[in-house]
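Asker: Please work out how this folds:
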Amino acid sequence: MLKPEVESLVPGQAFSRRTFVKTALGSAFAAAALPVTAQAIKTDFNGLTAGEVTIASAGFDMPAYRAQPEGGSKLPVVLVVSEIFGVHEYIADICRRFAKLGYLAIAPELFARQGDPSSFGTIQELQAKLISKVPDAQVMGDLDATVAWAMVHGGDPKRLAITGFCWGGRISWLYAARNKQLKAAVAWYGQLVGEPNPLKPRNPVDLVDQLDVPVLGLYGGKDTGITQPQVEKMKAELAASPNPNARASVFVVYPDAGHAFHADYRPSYREADATDGWKRCLAWFQQHGVA
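Answerer: Numbers count the residues shown, from 1 in each chain. Reported below is the predicted structural model:
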């Protein structure tokens with residue numbers, strides 16, 4: 001496999017809401033995520049086919065960001081599920097990092113029916129006006145459509161994985177209980193428990209017995225939103241389940257990390273923990289026959 005080639009942005013360079021310009025999917029940072037720190041990683045396009053594609057899903061043309069080695073076929077596929085900010089530059093860069101390693105990595109814009117997540121200026125506004133209106137059932141169907149698209153565009157149907165960050169971490173747990181074609185899932189600090197509602201009727205803790213693949217959970221010990229008691233509850237449910245995939249699931253908790261410790265464009269980024277988590281993610285995929 002190819003070694004990922006990454007480079008930092010120019011030291012001291014930062015982006016603010018004033019400099020934000022929305023162009024193609026994945027080519028800029030979401031407004032609510034700004035300002036972007038100078039440590040943000042930038043992966044080049046050399047040797048890759050990368051950019052926006054369109055996926056037909058239940059009568060809707062859903063945009064997605066795809067990256068894969070040029071001319072590749074029968075490639076391992078990884079679904080990359082975004083945070084609440086949608087498929088902005090950070091998520092596109094993660095796709096390119098996977099593509100440098102030989103994957104077909106694809107990140108569908110799962111909020112597109114409800115609106116453009118990149119256009120909201122604050123996290124609070126984004127949550128209230130867009131994220132809260134996105135049904136889990138819609139997301140699951142769109143992920144199914146993404147898998148179908150990938151399999152006719154160079155993907156190997158026998159080597160499918162999913163990984164997601166924050167909002168996408170929760171979705172990764174849910175999808176691990178839906179698609180029997182999956183080989184592995186990695187959830188980065190995704191919500192585990194919560195009050196059900198019509199759009200989110202079940203949470204990961206409710207689906208332990210239905211997991212079709214083992215899940216690797218990467219969490220921060222100082223995350224104030226996803227607390228350690230919640231993590232311990234999930235771990236206990238997994239351990240007590242009759243489902244072998246639940247019992248084979250693993251949590252790694254980084255004691256000094258908070259939420260979004262992998263997000264290299266944000267102050268929450270912890271390089272050592274993010275690097276370790278990335279290595280564990282790749283090893284998890286390899287262990288379960290994806291790579």
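
Asker: contacts, neighbours, all on C-alpha from now
Answerer: Will do.

Asker: all helices of the stretch 51-200 of the chain, in order?
Answerer: 89-100, 123-129, 136-151, 167-176 (DSSP state H, counting those that start in this stretch).

Asker: How far away from the center of its chain is the first one?
Answerer: If I follow you right, that is helix 89-100. 11 Å (Cα atoms, centre = their mean, to the nearest Å).

Asker: ok, which stretches of this protein are strands?
Answerer: In the chain, the strands defined using DSSP state E lie at 6-8, 41-43, 48-57, 60-69, 75-81, 104-108, 155-165, 184-188, 215-220, 250-254.

Asker: From the chain's centroid, how far away is the longest one?
Answerer: For strand 155-165, the distance between its averaged C-alpha position and the chain's averaged C-alpha position is 11 Å (Cα atoms, centre = their mean).

Asker: Mind listing the strands that strand pairs with, and their directions?
Answerer: strand 75-81 (parallel), strand 184-188 (parallel) (DSSP bridges).

Asker: which of those is buried the deepest?
Answerer: Comparing the strands paired with strand 155-165 by mean neighbour count (mean count of other Cα atoms under 10 Å), strand 184-188 ranks first with a mean of 29.

Asker: List the contacts of that one.
Answerer: Applying Cα atoms under 8 Å, 6 or more residues apart in numbering, the external contacts of strand 184-188 come out as 160-166, 168-170, 172-173, 176, 213-219, 281, 284-285, 288, 290.

Asker: and it, average pLDDT?
Answerer: Here strand 184-188 scores 98 as its mean pLDDT.

Asker: got it, and stretch 202-222?
Answerer: For stretch 202-222, the per-residue pLDDT averages 98.

Asker: For it, buried residues please.
Answerer: 202-205, 207-222 (16 or more other Cα atoms under 10 Å).

Asker: quick one on the thing from earlier: can I get the helices of the stretch 51-200 of the chain in JSON lines including distance to residue 249?
Answerer: What follows is these, written out as JSON lines (distance: least, Cα to Cα, whole Å):
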{"stretch": "helix 89-100", "distance to residue 249": "22"}
{"stretch": "helix 123-129", "distance to residue 249": "30"}
{"stretch": "helix 136-151", "distance to residue 249": "21"}
{"stretch": "helix 167-176", "distance to residue 249": "11"}
